[in-house]
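**Student:** I would like the atomic coordinates for the input below:
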Amino acid sequence: MKKIMVFPLLMVVLLSVMLCTGTVYAAADGKEIESRSSKWGKDYPLQYKSYMETSKSDDIRDVLKESPALVVMWAGYGFSKDYNAPRGHYYALEDNINSLRTGAPLNPQTGPMPTPCWTCKSPDVPRLINKLGENDYYTGKWARHGGEVVNTIGCGDCHNPQDMELTVTRDYLKRGLDAEGSMPYAKATNQDMRSLVCAQCHAEYYFNKTPWTNKNGEALTANVVTYPWDNGFAAEDVEAYYDSRNFKDWTHKLSKTPMLKAQHPGFETFITGAHGKKGLSCADCHMPSVKDGDETYTSHNVSSPLDHIEDTCLNCHSGTEDEFKSTVATKLARKNELSDIATDVLARAHLEAAKAWELGATEPEMAPILQDIRHGQWRWDYSIAAHGSFFHAPEETLRVLGSAINKAQDARVKLRVVLAKYNAADYQAPDFSTKEKAQALIGMPYDKLVDEKNQFINGLKQDWFKESEKKGLYDEESRKDMTLKTSFPN
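**Tutor:** Take a look at the predicted model:
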């Protein structure tokens, strides 16, 4: 990625603001980072006030209701239970806790998810890693750290508490960059850092099971967050990385495909697009320089650049707000058109594969079909899971979506041959046109999951925050005026 200082004046202003006080946001021992953003806000009130504006992005949008095919595509995986469009940073931790995906644990040793599911949601995570060590932090169940991870994404995730410089607080990003090789972390410029602090979370990752021995001599396994960038950043590069390791996130409940789940590869897609290649950073567009009276500062209301076009797009481009919104709407419509085709084709491929297995298809017959489904769904997911990919890298996004459709169609053509062999050439996939029909089709006990989750929300979740208050960790200000919102009845 080219290193171009796009807004030198902005950087001077930013650094001046960041270095204007001598406050150190760490405990007396220098190890425990201050994870309560309101404490930082005392010295940086404008930045903190703008950060709290992310609370206005509070609508719950049930993506499974909008696209029921996803339920079939994720059968056997947590995302088939509950998947909402992301809200503002203010809600990142709340939505993680409330999601049906994280289950309804009864104590620190129970529940469906491992500890790394906290990793991108809170500055309490780097605080815990500093305190416990990486392997210890990544060991055990998600519920283990419930009374410790209580503050949503904030200042301590991106700033060095000693000097307020931008910093990467999660070492897996450094390791991923160094493994890929073209952008070693040690050579990162300040402009690079304005993207890398975002790449700590807005990137593809998996949990690498890592054996280790604790101080008591116990042999344990840590689920270490790892970036699969050894071969490069492209969808096919990461696909090859996973294939070479026979890695799978889960086995599909219906088709028995060893599946991959893309997370949110925003960084990878951004650097392949026009803005990334020109040397812009994430912050240039999502955290623009704004004025409050005579003071200029960096907005921490991380949101769509379309919400502040006069401070973002129009800094570099000519044109009107309406013209920019029209252009983006066109790009989004093109992505949605191909994505909708891909989801329908992939869902049908899973259902047709399930029928083939039911009729007695053999593993040798199904192996090439499952490989096509695996690769097709991976490419679909990689191209859209970052949400903004259609704008960051529209050509690449459409290219990868096209290849996803081709892979899925290849699988279905091969399935027709297998189905015909077992006298089911005319088989038609059952109706999955609503979220309810799709979840019933995959055998999901949705009402039971909701009942258990509500018991957790009204029980153990409340205990976690009481525990954190006693420890002096909980930032009440960070949840000011927050109301409980979920896609399920509560």
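**Student:** which SSE is the residue nearest to Met482 when sequence neighbours are not counted in?
**Tutor:** Nearest non-adjacent residue to Met482, counting by Cβ to Cβ, 6 or more residues apart in numbering: Glu94, 6.5 Å away. Yep, even glycine has a C-beta here, placed from its N, CA and C like the rest. Glu94 is part of helix 92-98, with elements assigned from DSSP states H and E.
**Student:** what of Arg416?
**Tutor:** helix 394-421.
**Student:** any idea how far the next helix or strand after the helix holding Glu94 is from the chain center?
**Tutor:** The helix or strand immediately downstream of helix 92-98 is helix 124-132, counting by DSSP H and E. Relative to the centre of its chain, helix 124-132 is centred 20 Å away, using Cα atoms, centre = their mean, to the nearest Å.
**Student:** who touches helix 124-132?
**Tutor:** Outside of helix 124-132, the residues within contact range by Cβ atoms under 8 Å, 6 or more residues apart in numbering are 31-33, 35, 118-119, 137, 145, 148-151, 156-157, 169-170, 473.
**Student:** could I get the buried residue list for it?
**Tutor:** Using 16 or more other Cβ atoms under 10 Å as the test for burial, helix 124-132 gives 124-130.
**Student:** then stretch 470-480?
**Tutor:** 473-475, 478-479.
**Student:** what's in contact with that stretch?
**Tutor:** With Cβ under 8 Å, 6+ apart, stretch 470-480 has contacts from 35-39, 41, 52, 90, 94, 124, 147-148, 150-152, 154, 465, 468.
**Student:** tell me which of those residues fall in strands.
**Tutor:** Applying DSSP state E to those, no entry is found in strands.
**Student:** of those, buried ones?
**Tutor:** When these are checked against 16+ other Cβ under 10 Å, the ones flagged as buried are 35-39, 41, 52, 90, 94, 124, 147-148, 150-152, 154, 465, 468.
**Student:** just give me the longest helix of the chain.
**Tutor:** Using DSSP state H, we find that the single longest helix of the chain is helix 321-359.
**Student:** still on that earlier bit, using CSV, write down the CA coordinates of the following helix or strand past the helix holding Arg416.
**Tutor:** As assigned by DSSP H and E, the chain's next helix or strand after helix 394-421 is helix 435-441. C-alpha atoms of helix 435-441 as CSV (Å, rounded to 0.1, in the frame of the first residue of the first chain):
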residue,chain,number,x,y,z
LYS,A,435,-37.1,-16.8,8.5
GLU,A,436,-39.6,-18.9,10.4
LYS,A,437,-39.9,-21.5,7.5
ALA,A,438,-36.1,-21.6,7.1
GLN,A,439,-35.4,-22.1,10.8
ALA,A,440,-38.1,-24.9,11.0
LEU,A,441,-36.5,-26.5,7.9
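**Student:** just the mean pLDDT for helix 435-441, thanks.
**Tutor:** Summarised as a single mean, pLDDT over helix 435-441 is 98.
**Student:** swap in stretch 293-311?
**Tutor:** 93.
**Student:** which residues of the stretch 251-400 of the chain score low on pLDDT?
**Tutor:** Scanning the stretch 251-400 of the chain for pLDDT under 70 picks out nothing.
**Student:** before we move on, the earlier item: of the contacts of helix 124-132, which belong to helices?
**Tutor:** Those of these lying in helices (DSSP H): Tyr137.
**Student:** list the buried residues of stretch 283-300.
**Tutor:** 283-290, 296-300.
**Student:** now do stretch 382-391
**Tutor:** Within stretch 382-391, the residues that count as buried by 16+ other Cβ under 10 Å are 382-386, 388-391.
**Student:** hmm, back to that, ok, the buried residues of helix 124-132 vs His202, which is closest?
**Tutor:** Nearest to His202 among the buried residues of helix 124-132: Val125, at 15.3 Å, using Cβ to Cβ.
**Student:** for stretch 236-250, the distance to its chain's centre please.
**Tutor:** On Cα atoms, centre = their mean, the centre of stretch 236-250 falls 18 Å from that of its chain.
**Student:** quick check: end-to-end length of it?
**Tutor:** 19 Å (Cα to Cα, to the nearest Å).
**Student:** now do that stretch: everything it contacts.
**Tutor:** 76-77, 204, 206, 228-232, 258-261, 265, 268, 375, 378-379, 382.
**Student:** pull out the buried residues from it.
**Tutor:** So stretch 236-250, judged by 16+ other Cβ under 10 Å, has buried residues 238-239, 241-242, 249-250.
**Student:** then stretch 390-397?
**Tutor:** Neighbour counts over stretch 390-397 (16+ other Cβ under 10 Å) mark 390-394, 396-397 as buried.
**Student:** in these, find the pair that's most separated.
**Tutor:** The widest separation within these (Cβ to Cβ) is 11.4 Å, between Phe391 and Glu396.
**Student:** what's the overlap in contacts for the two?
**Tutor:** Shared contacts of Phe391 and Glu396 (Cβ under 8 Å, 6+ apart): Gly273.
**Student:** can I get stretch 352-360 in CSV, CA atoms only?
**Tutor:** The C-alpha coordinates for stretch 352-360 follow below in CSV (Å, rounded to 0.1, in the frame of the first residue of the first chain):
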residue,chain,number,x,y,z
GLU,A,352,-30.1,-30.6,-2.7
ALA,A,353,-26.9,-32.0,-1.2
ALA,A,354,-28.9,-33.0,1.9
LYS,A,355,-31.4,-34.9,-0.4
ALA,A,356,-28.5,-36.7,-2.2
TRP,A,357,-27.1,-37.9,1.2
GLU,A,358,-30.6,-39.0,2.2
LEU,A,359,-30.9,-41.1,-0.9
GLY,A,360,-27.6,-42.8,-0.3
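**Student:** pull the residues that contact it.
**Tutor:** Stretch 352-360 is contacted from outside by 254-257, 365-366, 369-370, 373, 411-412, 415, 418-419, 422-424, 427, 429, using Cβ under 8 Å, 6+ apart.
**Student:** change it to 10 Å
**Tutor:** Stretch 352-360 has contacts (Cβ atoms under 10 Å, 6 or more residues apart in numbering) with 72, 75, 252-257, 361-363, 365-366, 369-370, 372-373, 411-412, 414-419, 421-424, 427-430, 441-442.
**Student:** just to revisit the earlier point, next structured bit after the longest helix of the chain?
**Tutor:** Note on helix 321-359: by DSSP H and E, the next helix or strand toward the C-terminus is helix 363-384.
**Student:** which elements pack onto that next one?
**Tutor:** helix 69-73, helix 235-244, strand 258-259, helix 266-270, helix 321-359, helix 389-392, helix 394-421 (3 or more Cβ pairs under 10 Å, 6 or more residues apart in numbering; DSSP states H and E).
**Student:** what angle sits between it and helix 235-244?
**Tutor:** Relative orientation of helix 363-384 and helix 235-244, computed by axes from the mean of the first three to the mean of the last three Cα atoms, to 10 degrees: 140 degrees.
**Student:** which one of the buried residues of stretch 390-397 sits closest to Glu321?
**Tutor:** Nearest to Glu321 out of these is Phe391 (Cβ to Cβ; 15.4 Å).
**Student:** can I assume that closest one is in contact with Thr312?
**Tutor:** No - using Cβ atoms under 10 Å, Phe391 is not in contact with Thr312, being 11.8 Å away.
**Student:** can you list residues touching both of these two?
**Tutor:** Shared contacts of Phe391 and Thr312, defined by Cβ under 10 Å, 6+ apart, are found at 285, 304-306.
**Student:** neighbour-wise, which of the residues you listed leads?
**Tutor:** Within the shared contacts of Phe391 and Thr312, most neighbours by other Cβ atoms under 10 Å means Cys285, with 22 neighbours.
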